[in-house]
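Engineer: next come a sequence and a model predicted from it.
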Amino acid sequence: MNRPAPSPKPMPLDAGRFDPDSAEASSTLPASWYFEPEIYRREHEAIFYRTWWYQCHASDVAKPGDFMCGAVADQKIVIIRGRDNNLRAFYNVCSHRAHPLLEGRGNKVLITCPYHQWCYNNDGTFRMAGGRETLEGWVPDNADLKPVRLENYGGFLFVNLDPDAKPLSEQAPQLLKDFYTCCPRLDDLVRVERREREVAANWKTLVDNNHECYHCDANHKSLMELVDYDNKAVWSDDGITFSHTVERKQLDSSAYALDADAIEQDSLFSYIWPNLIPLFFPGTPSAVMFQILPTGPETATVRHDFYFLNREPGKQEQAFMDWMTNVLVPEDVGLCEHVQQGLHSRGYSQGKFVVDRDHVAFSEHHVHFFQRFVYEALTG
């Protein structure tokens, strides 16, 4: 029988002049790392399958049987609350012949595979199948749904495909405290709406863009009217995360109008490695889980989950969502798509970080923060 040739040993990666130890001395990661299919392939095992990925909120799966489907890159998962009221996550695939089990969200007392009708309890345990008597020796160790690590982080649900991964709460203990400092009513928030947009850019291009405000004065006029980046941001790094607070600037900016009597929080902009950017903007208690989902070497989906106190957003909250979707996001998408094109130029190989931690309006030290994690993951 002919067998496929074994995969060749991966070639060592050349990071050029990138310096993981010093942002000031470092060049950026090589341009090729942002479009080569081999880099994207390696990122799955080295990054995507070993990190914590935000999925939804605990209130989305509040009752026994409630489920919500999600994914980690190309791996489909489902989060479901069992009859015992415990939340669990599983690979969303039947143990028999790999057919997906569930779609979207809903409520299931029993999970039945559409293909051959294999049936599972909502705690993931195998229940029944036609011809079960032929499977007695196989069922005990193989038939149950395969679990995925799940963690509740301030009500936000994260999964990790690595069974040995360090808990997110241990990797990012300070950031959750920052969430509550900015938004004391964090526990009362519910997910109101999810908005997505396809982008013709590598996921790292998008993360890089969101880790600095060097480009903001020239490209985000309404954002700069809303918040004050003039050396008033306060930064904090915390393991695999960072955050910075920014004071509000104008009540009646071109972004959205703020009611002075209804402002309960200022801004907190943050990051959780590898692809989540939690955002808290001035106004009523709220949060935005901004996630950058890799879909190919040069494509990604940007997802915004909006959280408010009530399922029906108020006038100010609706204006805020529309501004983000119709103004702020398109501004960044256009920049990132142009950068992605430029990364292919023979006139560019690596750039240089501008680093000045005393002038946060233009410092790019957190772009280096992110690229260092990428470098260390891919080079081992």
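Structural biologist: Yes, it's here. Residues are numbered from 1 along each chain as shown.

Engineer: burial measure for Q174, as a count.
Structural biologist: Burial measure for Q174: 14 neighbouring residues, criterion other Cβ atoms under 10 Å. Every C-beta, even on glycine, is put in place using the N, C-alpha and C of the backbone.

Engineer: name the nearest residue to it, ignoring sequence neighbours.
Structural biologist: Spatial nearest neighbour of Q174, chain neighbours left out: D238 (3.9 Å); criterion: Cβ to Cβ, 6 or more residues apart in numbering.

Engineer: what's the spacing between the one you found and G124?
Structural biologist: Applying Cβ to Cβ, to the nearest Å, the value for D238 to G124 is 33 Å.

Engineer: about what we covered before: pretty sure the residue nearest to Q174 is touching F179, no?
Structural biologist: No. D238 is not in contact with F179 according to Cβ atoms under 8 Å; the separation is 11.5 Å.

Engineer: more crowded one of these two?
Structural biologist: Neighbours were counted for D238 and for F179 using other Cβ under 10 Å; F179 has more, 21 against 18.

Engineer: any idea which element that one lies in?
Structural biologist: helix 173-182 (DSSP states H and E).

Engineer: give me the helices and strands touching that helix, please.
Structural biologist: strand 234-238, strand 241-248, strand 267-272, strand 276-280 (3 or more Cβ pairs under 8 Å, 6 or more residues apart in numbering; DSSP states H and E).

Engineer: and those strands as TSV, adding distance to S27?
Structural biologist: Listed next are the helices and strands packed on helix 173-182 as TSV, based on distance: least, Cβ to Cβ, whole Å:
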stretch	distance to S27
strand 234-238	21
strand 241-248	21
strand 267-272	22
strand 276-280	24
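
Engineer: neighbouring strands of the helix or strand that the helix holding F179 is followed by in the sheet, and parallel or not?
Structural biologist: As assigned by DSSP H and E, the chain's next helix or strand after helix 173-182 is strand 190-199. With DSSP bridges as the test, strand 190-199 is paired with strand 299-308 (antiparallel).

Engineer: how big is the angle separating the partner strand from strand 276-280?
Structural biologist: 30 degrees (axes from the mean of the first three to the mean of the last three Cα atoms, to 10 degrees).

Engineer: residues touching the helix or strand where A89 lies, excluding its own?
Structural biologist: A89 is part of strand 87-91 when elements are defined by DSSP H and E. For strand 87-91, contacts defined as Cβ atoms under 8 Å, 6 or more residues apart in numbering pick out 55, 58, 61, 75-82, 123-124, 145-150, 152, 157, 159.

Engineer: now with 7 Å, please.
Structural biologist: For strand 87-91, the surrounding residues in contact (Cβ atoms under 7 Å, 6 or more residues apart in numbering) are 61, 75, 77-82, 123-124, 145-148, 150, 159.
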